[in-house]
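*Asks:* Need a 3D model of the following:
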Amino acid sequence: MTFEKLDLIEPILNALRHEGYTQPTPIQEISIPIILKGRDLLGCAQTGTGKTAAFAIPILQQLTNSGVTKSNHRKIKTLIVTPTRELAIQIDESFASYGRFLNIRHTVIFGGVNQNSQVSALKAGVDILIATPGRLLDLHNQGFVKLNELSIFVLDEADRMLDMGFIHDVKKLIKLIPVKRQSLFFSATMPESIRTLAGTILTRPEEVEVTPVSSTAETIRQELYYVDAANKKDLLIHLLKDKSIATALVFTRTKHGADKIMRILVKNQIKAEAIHGNKSQNARQNALKNFKERTTRVLVATDIAARGIDIDDLNLVINYDIPNISETYVHRIGRTGRAGLDGKAVSFCDVEECEYIRDIQNLISIQIPVVKDHPFPAENMEPVKAIKSKSKVKTPSGAKDKGKPDLNKSQAKRAHSTSSETTKKVLIRKDF
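*Replies:* The predicted structure follows:
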């Protein structure tokens, strides 16, 4: 499958060639035709699967075909709402790339900065607005954002919206936009709370689910340390004494855990910062900037807060806590070993996390090498062996059921296909 087969207009195809894109990812291949038909879409896909292009490309084509570029008075036709300004900026950059040969106006608004330049852009007229919820509602209340002619609405990273407490802002926003519209809803996970929210936004949607990658890059050297939970902090400090480690991204399961580890590292003269959902957008942006510029050596993050981190020369990923969903492990360590560079990923496993390691090894079909020669070996722990099976696929711990209702054959049509990167599944429902 190539982009040429998706019935895209030539200016967009030229832009994709300029970006070096030749083949669509699974979510792009499935979603683009659905969106071009004007259907509502419910998408479950993590960052890194090509999700932004999956909605940006067809939106640009729809707006171009509708004739908005011929108008001298631009009004907001498409609204994309995302939880953080980092993601908002990235989405805006994507629209600039894919629409480089189109006369489509777009801008991005977010809080934490002076609003004057954002207001000026809005007054000049835009076709596409990318926004964070707080600043969007603020400028709407001031009369600078008018949504009465909106035709396409996108809610991106919905589960992170809930994690960051934006649910009430989203509900307020839904009341402000036209009832008759095309709506696109994307979330990395689909628990019942997210599905309920989607039910208030979408009308007879088609559902696209792209599972995370199930294999790890060969450029990533993986290591496993068995360590008692109480000694994890000491092992972390021990590893970071290696001065050759210029940057390290440390993953924790909780926000509290991220803050605690950050404080321990700072106390031991290791420059570290933490990012998670409770941090302000300014704090997250500054921490990420410092990490990219290497003024901060260690970034401690939760999975949700780490979405959008894209650093080509990241030296090391450390799983301080083993994720209870196997695919999350693949997503985490994929932050290193990018752009053909070598990377390293180490995992600290205590006795209660052995089951998670077993699931991970089954998923990636690799026995992760165990490092035994370290100062804090766990007592009475045997290495976990992967149990590979071609006839049975084990559901990752914690990933079962995710709140999805049962669908019978008359309610759903499924199409499956696989690639080296992802597995894709389309689910077309008659009602929500």
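*Asks:* can you give me the strands in the stretch 251-400 of the chain?
*Replies:* 272-275, 298-301, 316-319, 343-349 (DSSP state E, counting those that start in this stretch).
*Asks:* would you turn the ones you listed into TSV with mean neighbour count and distance to residue 250?
*Replies:* Just so you know, the C-beta spots here come from the backbone N, C-alpha and C atoms, and that holds for glycine as well. Formatted as TSV, those follow (neighbours: other C-beta atoms under 10 Å; distance: least, C-beta to C-beta, whole Å):
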stretch	mean neighbour count	distance to residue 250
strand 272-275	25	8
strand 298-301	26	5
strand 316-319	26	5
strand 343-349	23	10
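*Asks:* Turn those into TSV, columns for mean pLDDT and distance to residue 70.
*Replies:* What follows is the strands of the stretch 251-400 of the chain, written out as TSV (pLDDT from 0 to 100; distance: least, C-beta to C-beta, whole Å):
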stretch	mean pLDDT	distance to residue 70
strand 272-275	94	44
strand 298-301	94	45
strand 316-319	96	49
strand 343-349	95	49
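*Asks:* which one of the ones you listed lies closest to residue 86?
*Replies:* strand 272-275 (9.7 Å; C-beta to C-beta).
*Asks:* So which elements touch that closest one?
*Replies:* helix 255-267, helix 281-292, strand 298-301 (3 or more C-beta pairs under 8 Å, 6 or more residues apart in numbering; DSSP states H and E).
*Asks:* Sheet-wise, list the partners of that strand with their directions.
*Replies:* When pairing is defined by DSSP bridges, strand 272-275 lines up against strand 298-301 (parallel).
*Asks:* pull the CA atoms of the partner strand into CSV?
*Replies:* Presented in CSV, the C-alpha positions along strand 298-301 are these (Å, rounded to 0.1, in the frame of the first residue of the first chain):
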residue,chain,number,x,y,z
VAL,A,298,17.9,12.3,34.1
LEU,A,299,14.2,12.7,33.4
VAL,A,300,11.9,10.7,35.6
ALA,A,301,8.5,10.2,34.0
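*Asks:* ok, residues contacting that strand?
*Replies:* 240, 247-252, 258-259, 261-262, 265, 270-276, 287-288, 291, 309, 320 (C-beta atoms under 8 Å, 6 or more residues apart in numbering).
*Asks:* could you redo the last one with a cut-off of 6 Å?
*Replies:* 248-250, 258, 261-262, 265, 270, 272, 274-275, 291 (C-beta atoms under 6 Å, 6 or more residues apart in numbering).
*Asks:* do the same with stretch 335-350
*Replies:* So stretch 335-350 is in contact with 217, 219-229, 232, 249, 312, 314, 316-320, 322, 333, 357, going by C-beta under 6 Å, 6+ apart.
*Asks:* 7 Å instead, please
*Replies:* Residues outside stretch 335-350 that contact it (C-beta atoms under 7 Å, 6 or more residues apart in numbering) are 217, 219-229, 232, 235, 249, 309, 312-320, 322, 333, 357, 378.
*Asks:* For that stretch, what is the distance to the chain centroid?
*Replies:* 18 Å (C-alpha atoms, centre = their mean, to the nearest Å).
*Asks:* Quick check: end-to-end length of that stretch?
*Replies:* With C-alpha to C-alpha, to the nearest Å as the measure, stretch 335-350 spans 23 Å from end to end.
*Asks:* Number the residues from 40 up from this point.
*Replies:* Okay, using 40 as the starting number, the last item reads as stretch 374-389.
*Asks:* circling back to that earlier point, what is the most widely separated pair among the contacts of strand 337-340?
*Replies:* 309 and 314 (16.3 Å).
*Asks:* rewinding a little: of all the strands of the stretch 290-439 of the chain, which one comes closest to residue 132?
*Replies:* strand 311-314 (20.3 Å).
*Asks:* I'd say residue 161 and residue 186 touch.
*Replies:* No: in this structure, residue 161 is not within contact of residue 186 by C-beta atoms under 7 Å, at 11.5 Å.
*Asks:* which of the helices and strands packed on strand 311-314 sits most buried?
*Replies:* strand 337-340 (a mean of 26; mean count of other C-beta atoms under 10 Å).
*Asks:* closest one to residue 154 among the helices and strands packed on strand 311-314?
*Replies:* helix 320-331 (14.2 Å).
*Asks:* What's the mean pLDDT across that closest one?
*Replies:* Helix 320-331 shows a mean pLDDT of 84.
*Asks:* what's next to that helix, contact-wise?
*Replies:* 123-125, 149-151, 286, 312, 314, 335, 338, 344, 348, 350.
*Asks:* Now for these, which sits with the most neighbours around it?
*Replies:* With neighbours taken as other C-beta atoms under 10 Å, the top of those is residue 344, carrying 28 neighbours.
*Asks:* my guess is residue 175 meets residue 184, correct?
*Replies:* Yes: if you go by C-beta under 7 Å, residue 175 and residue 184 touch, sitting 6.4 Å apart.
*Asks:* what bits of the protein have low per-residue confidence?
*Replies:* 85-87, 250-254, 320, 343-349, 351, 378-379, 425-471 (pLDDT under 70).
*Asks:* any idea which helix is longest in it?
*Replies:* helix 90-105 (DSSP state H).
*Asks:* Show me where this protein has its helices.
*Replies:* 49-58, 65-75, 90-105, 124-137, 155-163, 172-180, 197-202, 206-213, 231-238, 271-279, 294-306, 320-331, 365-372, 393-403.
*Asks:* Show me which residues of the first one are buried.
*Replies:* The reference is to helix 49-58. Buried positions in helix 49-58, judged by neighbour count with 16 or more other C-beta atoms under 10 Å: 50-52, 54-55.
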